[in-house]
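[1] Got a predicted structure plus its sequence, pasted below:
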Amino acid sequence: MKNPTQCLLWKKAHLSPADLDLEFVEAISRGAHIERGLFRCRECGQVYFHEWYEHVNFKHDSYMYDTYIPVNSKEEIKELTETKSSSELLQFFPQLHGSFTNGLKDSVQWLESSEE
Ligand SMILES: [Zn+2]
């Protein structure tokens, strides 16, 4: 995947959950605790593959994870759509990863490949 160098989300030093105000494009799949779809940056038009994943533990605390992967072609979207689990998405870089744990330790950050 290419780094979305033109995008404000990429350029901004400290992202907050409020920065993830992207325009919804279309849904890819929907489950009880996992949703996938496409979003578009309102400013530059960059398309992001998005996965929302909720993990609920035995105490019914819920942890939510958002992953945004910039995509530039139908082939890239297809490749991501064909992954079967959240962990398979971890092989794609860069990806913007947000984690929301009941408002306690919210974070939004880019994960980049270490092998370059
Ligand atoms: Zn943008």
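    Looks like it came in fine.
[2] For this protein, which segments count as helices?
    For the chain, helices defined by DSSP state H occupy the ranges 8-11, 74-81, 86-89.
[3] which of those helices sits most buried?
    When the helices of the chain are scored by mean count of other CB atoms under 10 Å, the highest mean neighbour count falls to helix 8-11 (a mean of 15). Every C-beta, even on glycine, is put in place using the N, C-alpha and C of the backbone.
[4] and it, how far out from the chain's middle?
    Relative to its parent chain, helix 8-11 has a centroid offset of 14 Å by CA atoms, centre = their mean, to the nearest Å.
[5] And the contacts of that helix?
    Residues from elsewhere that reach helix 8-11, judged by CB atoms under 8 Å, 6 or more residues apart in numbering: 3-5, 15, 19-20, 41, 43-44, 46, 68, 94, 96, 110.
[6] got the residues of the chain near the ion?
    7-8, 41, 43-44, 46 (CB under 5 Å from the ion).
[7] Got a ChimeraX select line for the buried ones in the residues you listed?
    Buried members of the residues of the chain next to the ion, defined by 16 or more other CB atoms under 10 Å, are picked up in ChimeraX with:
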select :7,41,46
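[8] now the residues of the chain next to the ion as JSON lines including pLDDT?
    Converted to JSON lines, the residues of the chain next to the ion look like this (pLDDT from 0 to 100):
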{"residue": "7", "pLDDT": "97"}
{"residue": "8", "pLDDT": "95"}
{"residue": "41", "pLDDT": "97"}
{"residue": "43", "pLDDT": "96"}
{"residue": "44", "pLDDT": "97"}
{"residue": "46", "pLDDT": "98"}
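[9] For residue 25, which residues are in contact?
    So residue 25 contacts 37-40, 47 (CB under 8 Å, 6+ apart).
[10] Pull the contacting residues for the residue nearest to it when sequence neighbours are not counted.
    In space, residue 25 comes closest to residue 38 once its chain neighbours are excluded; the distance is 4.0 Å by CB to CB, 6 or more residues apart in numbering. Contact analysis of residue 38 by CB under 8 Å, 6+ apart lists 24-26, 28, 47-50, 71, 77.
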